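**Student:** Could you look at this predicted model? Sequence included:
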Amino acid sequence: MPRSHPIEDYRNFGIMAHIDAGKTTTTERILYYSGKSHKIGEVHEGAATMDWMEQEQERGITITSAATTTFWNGKRLNIIDTPGHVDFTIEVERSLRVLDGAVCVLDGNQGVEPQTETVWRQADKYHVPRVVFVNKMDKIGADFYRCVDDIVTKVGGKPICMQLPIGSENQFKGIVDLVRMKAVVWDDEGLGAKYHDEEIPADLVEKAKEYRTTLVEAAVELDDDAMAAYLDGQEPSEEVLKRLVRKAVRYTAFHPVFCGSAFKNKGVQPLLDAVVDYLPSPLDREAIKGVDMNTGAELVRNPSDSEPFSMLAFKIMDDPFVGTITFCRVYSGKIDSGTTVLNSTKDKKERVGRMLLMHANNREDIKEAFAGDIVALAGLKETRTGDTLCDTLKPAILERMEFPEPVIEIAIEPKSKADQEKLGIALSKLAAEDPSFRVSTDQESGQTILKGMGELHLDIKVDILKRTYKVDANIGAPQVAYRERLTKRVEIDYTHKKQTGGTGQFARVIIIFEPNEPGSGNAFESKIVGGSVPKEYIPGVEKGINSVMGSGILAGFPVVDVKATLIDGGFHDVDSSVLAFEIASRAAFREALQKGGSVLLEPIMKVEVVTPEDYTGSVIGDLNSRRGQIQGQDMRGNAVVIDAMVPLANMFGYVNQLRSFSQGRANYTMQFDHYDQVPEAESKKVQAKYA
Ligand SMILES: Nc1nc2c(ncn2[C@@H]2O[C@H](COP(=O)(O)OP(=O)(O)OP(=O)(O)O)[C@@H](O)[C@H]2O)c(=O)[nH]1
């Protein structure tokens with residue numbers, strides 16, 4: 001069967017926003033108007049179509065991204081829903097990787113909020129072209145022009161208005177379309193409300209002309225001919241203007257801004273037109289790069305059905321009906337259900353059993369998928385998020401994704417043997433679904449440790465463990481994931497010698513331990529020449545060093561960014577063994593940490609508090625008492641925005657404290673920024689706690 005739509009008619013896009021800006025509501029309306037969802041679910045009633053997980057509905061936030069296919073104006077839209085909470089930025093990044101474009105939804109009253117800033121920066125990082133939708137124009141305090149300014153001042157974007165609102169708050173009626181120079185007015189606020197063109201209201205004519213000129217001047221910049229014609233006094237036609245704006249989006253020359261109220265059903269259809277008109281198709285994007293596994297050479301996989309098949313897995317979900325489903329984006333070629341593909345990342349073959357196309361409230365079995373498609377595969381066994389699946393004969397690995405390190409951890413203790421078993425199964429599934437969620441076992445206590453991106457992140461995992469997997473367990477208090485690091489270069493000459501009865505043990509190692517660049521990871525190298533340590537013992541040296549990496553000497557936290565170089569040593573013909581070298585190297589590393597001024601590192605969080613002016617003093621005082629460093633203070637509307645860097649260790653329970661002294665009126669968001677050295681006095685306390 002041929003493909004249903006040519007690839008240039010695809011729009012793989014996501015909707016990104018700060019929490020509560022209205023991403024879910026906008027997505028719901030898009031699905032409704034594009035004809036696939038016939039029943040609209042209001043978010044506040046906990047019935048939204050995309051928010052189908054129990055946990056999501058109760059919390060009213062979108063946790064997992066779901067990909068949904070729908071159609072508009074003859075184009076095929078694949079919407080990838082991205083979560084808005086800071087703790088889940090990993091999910092946002094992951095979906096951004098597979099998008100060709102995005103709609104950034106702003107709350108018309110709040111403007112660019114902290115999380116918008118984060119996702120905007122991530123979109124910059126992945127070069128995701130985007131348009132902006134200023135939502136909630138019906139809300140009290142909505143201010144379209146302030147939102148447009150915010151895009152410049154908060155994220156350094158280049159907003160160009162494509163529409164102007166007609167009225168605002170409860171007087172919001174519709175929009176002025178600056179491309180067609182027409183007013184678009186909705187007859188009422190109902191879901192299926194009709195809308196029609198009118199002449200631009202008299203009081204907006206001058207403003208519309210002024211903004212239209214700004215739009216046209218920004219657009220003609222992108223094309224010499226259009227510019228020349230414009231300078232000659234010729235306005236670009238509607239078609240030319242649209243083509244130029246499309247080009248501007250593709251090259252991020254500017255960010256077109258639209259507006260509306262998803263909740264009051266205004267502005268959504270023109271937004272859908274904008275997605276079709278301005279967001280790129282897979283063909284407009286740079287082809288994905290990878291490595292040819294046969295030759296090791298770099299390669300490019302073009303978005304074409306005639307290229308060898310390759311796709312990236314970007315999301316794994318456990319589905320109650322189908323089992324594990326893996327969301328993938330096909331980058332090149334064509335795939336049939338029932339065939340065997342190669343997971344080139346793992347070097348394992350996988351059989352593609354069922355392939356599904358997900359719609360908002362049903363799924364469709366499909367037999368083939370083509371370049372540009374986003375599909376869900378059922379029953380893959382080895383594939384994890386970020387893996388490449390490809391043609392078994394033309395293996396390639398596509399760009400990998402990077403995942404940040406988790407900064408917070410909790411201990412979990414199952415109550416019975418049966419719970420222990422359930423926990424094991426559940427954890428391996430959860431870890432497979434979410435690479436920012438890690439599980440480890442504490443070597444000393446034998447406890448299971450869960451690690452994640454923040455308190456809420458782990459909170460939700462525990463909730464899933466208890467509810468979905470029915471695991472009964474005691475949960476410890478959340479702890480900071482500290483790290484340990486050397487501060488200076490040391491050379492250790494260590495001899496392990498044991499002579500008790502039978503065979504003795506002998507190994508001598510001379511190893512240089514030195515701090516690596518922060519964030520560059522651990523490294524081991526052997527520079528032995530002349531056989532002072534025979535080759536067969538070197539794995540023992542590496543193993544000994546690695547065994548200390550997992551838990552340092554100060555408080556048992558992982559040692560990071562150390563470079564170890566074995567430069568010399570000695571052995572005994574009879575008494576040396578791999579084990580003896582392992583023991584010697586472990587002891588050498590521990591000695592190095594002692595002599596090398598080893599220090600503890602802690603995660604420092606970037607915190608933004610938005611508070612009514614009255615509480616500014618209390619907020620700052622409190623942040624200072626948490627070892628916070630105030631970075632800046634600014635006004636947003638009538639609220640004060642305070643930026644600070646605060647150690648995560650001092651942020652536990654912050655939400656309650658902030659609420660209590662601001663009467664619930666101040667808000668905050670935080671995200672991991674970097675690791676920094678724990679001050680001496682604090683470090684002593686941490687060491688005493690974990691001793
Ligand atoms: N007044 C008004 N309220 C809106 C509008 N759009 C959404 N809301 C409301 O704002 C709240 C948040 O909307 P959601 O659609 O859940 O926002 P979200 O961005 O998906 O939120 P998360 O999934 O938690 O990230 C809900 O109570 C909506 O009913 C709008 O256009 N106007």
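**Tutor:** Ah, there it is.

**Student:** same for the strand or helix carrying residue 124, what does it pack against?
**Tutor:** Assigned by DSSP states H and E, residue 124 belongs to helix 114-125. Under the contact definition 3 or more CB pairs under 8 Å, 6 or more residues apart in numbering; DSSP states H and E, helix 114-125 sits against strand 10-17, helix 89-98, strand 101-107, helix 144-155, strand 667-677. For glycine as for every other residue, the C-beta is placed from the backbone atoms N, C-alpha and C.

**Student:** Need the mean per-residue confidence for the third one.
**Tutor:** When pLDDT is averaged over strand 101-107, the result is 95.

**Student:** ok, is the helix holding residue 124 in contact with the ligand or not?
**Tutor:** No: using CB under 6 Å from any ligand atom, helix 114-125 never reaches the ligand; the gap is at least 8.3 Å.

**Student:** Quick check: neighbours of the helix or strand just after that helix in the sheet, parallel or antiparallel?
**Tutor:** Using DSSP H and E, the helix or strand that follows helix 114-125 in sequence is strand 130-135. Here strand 130-135 is paired, per DSSP bridges, with strand 101-107 (parallel), strand 255-259 (parallel).

**Student:** neighbouring contacts of strand 130-135?
**Tutor:** If you take CB atoms under 8 Å, 6 or more residues apart in numbering as the criterion, strand 130-135 is touched by 16, 21-22, 25-26, 101-108, 123, 144, 147-148, 151, 157, 159, 162, 165, 249, 255-262, 267, 271, 274-275, 278-279.

**Student:** How far away from the center of its chain is it?
**Tutor:** Taking CA atoms, centre = their mean, to the nearest Å, the mean C-alpha location of strand 130-135 is offset from the chain mean by 20 Å.

**Student:** if we can go back for a sec, quick one: the strands paired with strand 130-135 as CSV, columns for mean neighbour count and distance to residue 395 too.
**Tutor:** Supplementary listing: these in CSV, determined by neighbours: other CB atoms under 10 Å; distance: least, CB to CB, whole Å:
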stretch, mean neighbour count, distance to residue 395
strand 101-107, 25, 30
strand 255-259, 25, 39
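
**Student:** Please identify which helix or strand holds the closest residue to the ligand within the stretch 151-300 of the chain.
**Tutor:** Minimum separation of the stretch 151-300 of the chain from the ligand (CB to the nearest ligand atom) falls at residue 263, amounting to 3.2 Å. For residue 263, there is no helix or strand it lies in under DSSP H and E.

**Student:** can you list the weak-confidence ranges in the stretch 501-650 of the chain?
**Tutor:** 501-502, 636-638 (pLDDT under 70).

**Student:** how about the strands in it?
**Tutor:** 505-515, 523-526, 562-570, 599-612, 629-636, 639-647 (DSSP state E, counting those that start in this stretch).

**Student:** Give the partner strands of the first one in its sheet and their orientations.
**Tutor:** What that stands for is strand 505-515. strand 490-498 (antiparallel), strand 562-570 (antiparallel).

**Student:** Helices of the stretch 351-500 of the chain, start to end?
**Tutor:** 417-433, 455-467 (DSSP state H, counting those that start in this stretch).

**Student:** now for the ones you listed, which one comes closest to residue 525?
**Tutor:** Among those, the nearest to residue 525 by CB to CB is helix 417-433 (30.8 Å).

**Student:** I'd like to know which elements the closest one is packed against.
**Tutor:** Partner elements for helix 417-433 (3+ CB pairs under 8 Å, 6+ apart): strand 310-319, strand 408-414, strand 438-441, strand 448-452, helix 455-467.

**Student:** average pLDDT for it?
**Tutor:** If you average the pLDDT over helix 417-433, you get 87.

**Student:** Run through who's touching that helix.
**Tutor:** 315-318, 324, 384-385, 412, 414, 437-439, 448, 450, 461, 464-465, 468-473.

**Student:** Buried ones in stretch 310-328, by neighbour count?
**Tutor:** Neighbour-count burial for stretch 310-328, counted by 16 or more other CB atoms under 10 Å, picks out 310-318, 322, 324-328.

**Student:** Now compare those and name the two farthest from each other.
**Tutor:** By the measure CB to CB, 310 and 318 form the most distant pair in these, at 25.3 Å.

**Student:** After the helix or strand bottoming out on mean pLDDT in the chain, heading C-terminal, what element do we hit next?
**Tutor:** Least confident helix or strand, the chain: helix 54-59 with a mean of 48, by mean pLDDT, DSSP states H and E. The helix or strand immediately downstream of helix 54-59 is strand 67-72, counting by DSSP H and E.

**Student:** what's the neighbour count on the closest residue in space to residue 539 that isn't next to it in sequence?
**Tutor:** Among residues not flanking residue 539 along the chain, residue 578 sits closest, at 6.4 Å (CB to CB, 6 or more residues apart in numbering). Residue 578 has 16 neighbours, counted by other CB atoms under 10 Å.

**Student:** cool, and residue 601?
**Tutor:** Residues near residue 601, counting by other CB under 10 Å, number 21.

**Student:** and the gap between it and residue 645?
**Tutor:** 14 Å (CB to CB, to the nearest Å).

**Student:** Mind listing what's buried along stretch 339-351?
**Tutor:** Across stretch 339-351, burial judged by 16+ other CB under 10 Å covers 341-345, 350.

**Student:** what's the lowest-pLDDT member of the residues you listed?
**Tutor:** residue 345 (87).

**Student:** Now that residue. Its backbone dihedrals?
**Tutor:** The phi/psi pair for residue 345 (degrees, to the nearest 10) reads phi -70, psi -40.

**Student:** ok, it touching residue 390?
**Tutor:** No: assessed by CB atoms under 8 Å, residue 345 is found out of contact with residue 390, at 9.6 Å.

**Student:** Give me the contacts around stretch 200-210.
**Tutor:** Residues from elsewhere that reach stretch 200-210 (CB under 8 Å, 6+ apart): 164, 166, 176, 178, 181-183.

**Student:** Oh, that last question was meant for stretch 351-363, not what I typed.
**Tutor:** For stretch 351-363, contacts defined as CB under 8 Å, 6+ apart pick out 31, 36-37, 39, 49-50, 66-70, 322, 325, 335-341, 364-369, 375-380.

**Student:** switch to 7 Å and redo it
**Tutor:** Stretch 351-363 is contacted from outside by 31, 36-37, 49-50, 66-70, 335, 337-341, 364-366, 369, 375-379, using CB atoms under 7 Å, 6 or more residues apart in numbering.
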